[in-house]
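A.B. asks: the following comprises the amino acid sequence and a computationally predicted model.
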Amino acid sequence: MEKDSRIYVAGHGGLVGSAVMAALKEQGYSDVIGRSRAELNLLNQAAVHRFFEEQQIDYCIVAAAKVGGILYNLSNQADFLYENLVIETNVIHAAAEHGVKKLLLLGSSCIYPKMAPQPIKEDYLMTGPLEPTNEGYAIAKIAGLKLCEKYWEQYGKRFTSVMPTNLYGPGDNFHPDHSHVIPGMMRRFHEAKLSGKPDVTIWGTGSPRREFLFIEDLAEAIIVLMDKYEEPTTINVGTGIDCSILDLAELMKKTVGFEGEIKTDPSKPDGTPRKVLDVSRIKALGWKPNHSLEQGLKRTYEWALKNGSLD
């Protein structure tokens, strides 16, 4: 990308999109644009095509998506499948029709098979059954990744995708019911500290292992991929290091300053037993994460307190 290229970040107000916008501007890209849902409804095909025709976009990063934690995903599978399918097809098709030079679609590591061998390589996609709790979201995202791949193969469009691991950081959603594991857990520990509760209960057994990536590290990776990655197939982005949910809870307890006990609730779903990515391909491009989990949690908690996200 050139510094004066017109770059559209779809979903610029979300966790990923806001971090990408900030990173692009920090690196000197002068014509980076976004549109709120009120300004551009990505579910409206005609509006999306009109936007791409009028704005003459050079590069597009698609971070717009309907997302949520296990419970919200499980309870709204039709909405997750429909909205993500429509967003992806509208944006990808419009980008192809209106001369976008390169497009990068954000996938998610949760769309790999539930029992994929570990660490997960990119070619494990679609080799086994999905995790049932987020099947709707996963099917939609797989369709988007494949749509990018097929546009590259059939039309020579430089449309590709990135498969990030579990993300967290400033700008995250701390909703008590709709958030992912780190912001949701951070809220519970914070509220328990303020109220003087003797314990905090986490979902499941605490044994599943997860990998977490600080959002600013992903934003840097996306810029590297827009500059250096020239393949139609998706590429993993993560730390390559995982921890158990119980270990995460212990680290969260330390970060927040909660002094009570941690309990587990085995009656709640664990989800996929383990999920850690093979990140050898992106490391070969010269990228590596800059934040440890402890550093990232500290910065996230400081941001959440400052911005009232835990009130």
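C.D. replies: On my side now, so go ahead.

A.B. asks: which stretches of the stretch 101-250 of the chain form helices?
C.D. replies: Residue ranges of the helices in the stretch 101-250 of the chain, as given by DSSP state H, counting those that start in this stretch, are 135-155, 181-195, 215-228, 245-256.

A.B. asks: quick one: which of those is nearest P117?
C.D. replies: Ranking the helices of the stretch 101-250 of the chain by proximity to P117 (CB to CB) places helix 135-155 first, at 17.6 Å. The way it works is simple: take the backbone N, C-alpha and C, and place the C-beta from them, glycine included.

A.B. asks: what angle do the helix or strand hosting H93 and helix 135-155 make?
C.D. replies: Assigned by DSSP states H and E, H93 belongs to helix 77-97. Compare the direction of helix 77-97 with that of helix 135-155 by axes from the mean of the first three to the mean of the last three CA atoms, to 10 degrees and you get 20 degrees.

A.B. asks: check which residues of helix 77-97 are buried.
C.D. replies: Using 16 or more other CB atoms under 10 Å as the burial criterion, the residues of helix 77-97 that qualify are 77, 80-81, 83-96.

A.B. asks: same for that helix, what does it pack against?
C.D. replies: On a contact count with 3 or more CB pairs under 8 Å, 6 or more residues apart in numbering; DSSP states H and E, helix 77-97 meets helix 45-55, strand 59-62, strand 102-106, helix 135-155, strand 158-164.

A.B. asks: angle of that helix against strand 102-106?
C.D. replies: Inter-element angle recorded for helix 77-97 and strand 102-106: 170 degrees (by the same axes, to 10 degrees).

A.B. asks: what does helix 77-97 contact?
C.D. replies: Outside of helix 77-97, the residues within contact range by CB atoms under 8 Å, 6 or more residues apart in numbering are 10, 42-45, 48-49, 51-52, 57, 60, 62, 64-66, 68, 73, 103, 105, 134-137, 139-141, 143-144, 147-148, 151, 155, 157, 159.

A.B. asks: tell me the angle of it relative to helix 45-55?
C.D. replies: Going by the same axes, to 10 degrees, helix 77-97 makes 30 degrees with helix 45-55.

A.B. asks: now tabulate the helices of the stretch 101-250 of the chain in CSV and tack on mean neighbour count.
C.D. replies: Below are the helices of the stretch 101-250 of the chain laid out as CSV (neighbours: other CB atoms under 10 Å):
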stretch, mean neighbour count
helix 135-155, 19
helix 181-195, 19
helix 215-228, 21
helix 245-256, 19
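
A.B. asks: nearest to R299, of the ones you listed?
C.D. replies: R299 sits nearest to helix 215-228 of all these, at 8.5 Å, using CB to CB.

A.B. asks: what does that closest one rub up against?
C.D. replies: Contacts for helix 215-228 (CB under 8 Å, 6+ apart): 1, 15-16, 19-20, 22-24, 27, 59, 61, 102, 104, 160, 162, 164, 167-172, 235, 237, 282, 285-287, 289-291.

A.B. asks: burial measure for E261, as a count.
C.D. replies: For E261, the count of nearby residues is 12 (other CB atoms under 10 Å).

A.B. asks: er, D199 actually
C.D. replies: Neighbourhood size, D199 [other CB under 10 Å]: 10.

A.B. asks: surely it and I262 touch.
C.D. replies: Yes: judged on CB atoms under 8 Å, D199 makes contact with I262 at a distance of 7.0 Å.

A.B. asks: re earlier: if any of the contacts of helix 215-228 are buried, put those into a PyMOL selection.
C.D. replies: Selection of buried members from the contacts of helix 215-228 for PyMOL, criterion 16+ other CB under 10 Å:
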select buried, resi 1+15+16+19+20+22+23+24+59+61+102+104+160+162+164+167+168+169+170+171+172+235+237+282+287+289+291
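
A.B. asks: what number of residues are in the vicinity of the closest residue to R188 other than its chain neighbours?
C.D. replies: Of all residues beyond its chain neighbours, the one nearest R188 is V200 (5.4 Å), with distances taken as CB to CB, 6 or more residues apart in numbering. Counted with other CB under 10 Å, the neighbours of V200 add up to 21.

A.B. asks: and the pLDDT for V200?
C.D. replies: Here, the pLDDT recorded for V200 equals 97.

A.B. asks: likewise N73?
C.D. replies: Listed pLDDT for N73 reads 70.

A.B. asks: how many other residues sit next to it?
C.D. replies: N73 has 24 neighbours, counted by other CB under 10 Å.

A.B. asks: same question, G13
C.D. replies: Using other CB under 10 Å, G13 has 15 other residues around it.

A.B. asks: ok, it - contacts?
C.D. replies: Taking CB under 8 Å, 6+ apart as the test, what G13 contacts is 34, 36.
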